[in-house]
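Colleague: my questions are about this predicted structure, shown below with the sequence.
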Amino acid sequence: MSVESRAPLPPGIPQVFSGPLLENPYPLYASLRASSPVFQLPIPADVGAGVFLLTRHADVHQALRDARLSADRRRSHAIARNRQVLPRQVMGEEGLFRSMLMMDPPDHTRVRGLVNKAFTPRRVAELRPHIETIAKSLLAEPAAARKLDVIGEFSAPLPAIVIAELLGVPAEDHPQFRRWAAAIVAAPTAIASGTEVLAAQRAIESLNDYLRAVIAERRAQPRNDLISALVAAQEDRDALSDAELLATSLLLLLAGHETTTNLIGNGTLALLRHPDQLARLRAEPELLRSAIEEMLRWDSPVQGTLRAVTEDVEIGAVTLRQGALVIAGIGAANRDPAVFPEPDRFDVARRDNRHLSFGFGAHFCLGAPLARLEAEIAFRALLEAFPKLALSGAPISHRPNPILRGLQALEVASESPS
Ligand code: HEM
């Protein structure tokens, strides 16, 4: 399908990609939660059973675990009828729709089970010393120069290098992966703003070609890496098709990038905007783990995920018809006062933090242990390298993506470099 032939966008969509909502969506979530927690988006066009945004924790929690809601978004009218706006290579058969993220059982169970066998907690734990070395080396020069662009110099390259090495693709290619990943995750924004999505399409084609070559190499000569382990799992039981193997490699490469970058970026900004909490964390470093959970809750890197209603279902006393598209508002659920006392307070020592930032249920983030490990190492290294971390005064702006929430750049300075 050519991207030029895409349908015009339903009115009402582009606004969420710009302006104050991008900077701070939380007041809007709060007012929706109070007035219309199962909110039907005012998009008439041809979206059939409608598109609904959930902002209550209980409702998002239900949507993520209810088998009547499918992860295959194509089962919603909104996506089925507007498929021409999606570049096939990004969201179609050749892209992420072949990955577990958008599958239901039994395929989901089969593919996730295989990947779980290869992506073991041991494989993740073994990475610790290596991630520490990468984090320290990324910070060495900025610490000496007493200034750092947290995103460009630290939180973007760190997960990109780690996931490249884990998968077994050359880490020196990570700037290229980052460019491809950025173009691909920008696709929804490009579609919504009506600009061309060819960049995303080309990026995914190049990335798929690249991964195909790596898979062929590992098939011929296995190594101790995740792609070799997936190839072995495929050959053992013939349980993963070639297309699924490619989509899995693609998903792992993409899922680990921007999300972890945004956790470190959003988390650093939260600490800098709450100096009392930063001081407390420095004084009580044993709070680091709960601080990271609070960063995940307070400004979630993934603000929402989609589900398609496959049979009529009641959520929050509203009946959603078969074919409705549901946006499970993770970022909104994480500020729900019914679950989190004083939800707008950033508290590094918060207890009983039942945030939904890694999702819930069958699709719970497979990379959560890795993301937590990377964040723990990143913050320890950052606080050590910058004993007096402060904002540099440079303007702060968010990426134009309401789902993957993160900063364009974040410049910090140190009054007394280590
Ligand atoms: C802070 C970082 C991260 C956040 C906030 C995050 C968030 C999420 C969320 C919300 C989901 C569920 C989506 C849904 O239910 O539709 C998910 C799924 C997934 N994540 Fe992550 N993620 C992060 C890092 C990672 C990393 C580092 C990897 C791998 C290297 C990863 C791999 C995956 C995979 C494979 C899935 C699909 C699981 C499934 O469908 O069964 N994620 N992630």
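Modeller: Arrived safely, thanks for sending.

Colleague: dump the residue contacts of the residue in the stretch 101-250 of the chain positioned nearest to the ligand.
Modeller: Nearest to the ligand in the stretch 101-250 of the chain, going by C-beta to the nearest ligand atom, is Leu101, at a distance of 4.2 Å. Every C-beta, even on glycine, is put in place using the N, C-alpha and C of the backbone. Neighbouring residues of Leu101 by C-beta atoms under 8 Å, 6 or more residues apart in numbering: Ala71, Leu251, Ala255, His363.

Colleague: 6 Å instead, please
Modeller: Neighbouring residues of Leu101 by C-beta atoms under 6 Å, 6 or more residues apart in numbering: Leu251.

Colleague: what does the stretch 201-350 of the chain put close to the ligand?
Modeller: Leu251, Leu252, Ala255, Gly256, Thr259, Thr260, Leu263, Pro301, Val302, Thr305 (C-beta under 6 Å from any ligand atom).

Colleague: pull the number of nearby residues for the second one.
Modeller: Other residues within reach of Leu252 by the criterion other C-beta atoms under 10 Å amount to 24.

Colleague: now it: closest residue in space, sequence neighbours ignored.
Modeller: Nearest residue to Leu252, sequence neighbours excluded (C-beta to C-beta, 6 or more residues apart in numbering): Leu167, at 6.1 Å.

Colleague: just the residues of the stretch 201-350 of the chain next to the ligand: which are in helices?
Modeller: Of these, the ones assigned to helices by DSSP state H are Leu251, Leu252, Ala255, Thr259, Thr260, Leu263.

Colleague: and of those, the nearest to Ala213?
Modeller: Of all these, Ala213 sits closest to Leu252, with 16.6 Å by C-beta to C-beta.

Colleague: give me the residue from this protein nearest the ligand.
Modeller: For the chain, C-beta to the nearest ligand atom, closest residue to the ligand: Gly367, 1.9 Å.

Colleague: quick check: pLDDT value at the spatially most central residue of the chain.
Modeller: For the chain, the residue lying nearest the average C-alpha position, counting by C-alpha atoms, centre = their mean, turns out to be Thr259 (3.7 Å). For Thr259, the pLDDT comes out at 94.

Colleague: quick one: the strands in the stretch 201-350 of the chain?
Modeller: In the stretch 201-350 of the chain, the segments counted as strands under DSSP state E, counting those that start in this stretch are 305-309, 313-315, 318-320, 325-328.

Colleague: which one of those strands lies closest to Asp344?
Modeller: Comparing these by C-beta to C-beta, strand 325-328 comes nearest, at 20.6 Å.

Colleague: pLDDT averaged over the helix ranked longest in the chain, what's the number?
Modeller: Longest helix of the chain, by residue count under DSSP H: helix 198-220. Across helix 198-220, pLDDT averages out at 87.

Colleague: next secondary structure after the helix or strand bottoming out on mean pLDDT in the chain?
Modeller: Least confident helix or strand of the chain, by mean pLDDT, DSSP states H and E, is helix 88-91 with a mean of 54. Beyond helix 88-91 on the C-terminal side, the first helix or strand identified by DSSP states H and E is helix 107-118.

Colleague: neighbouring contacts of that following helix?
Modeller: Met100, Leu226, Ala229, Leu230, Ala233, Ala239, Leu240, Glu244, Thr248.
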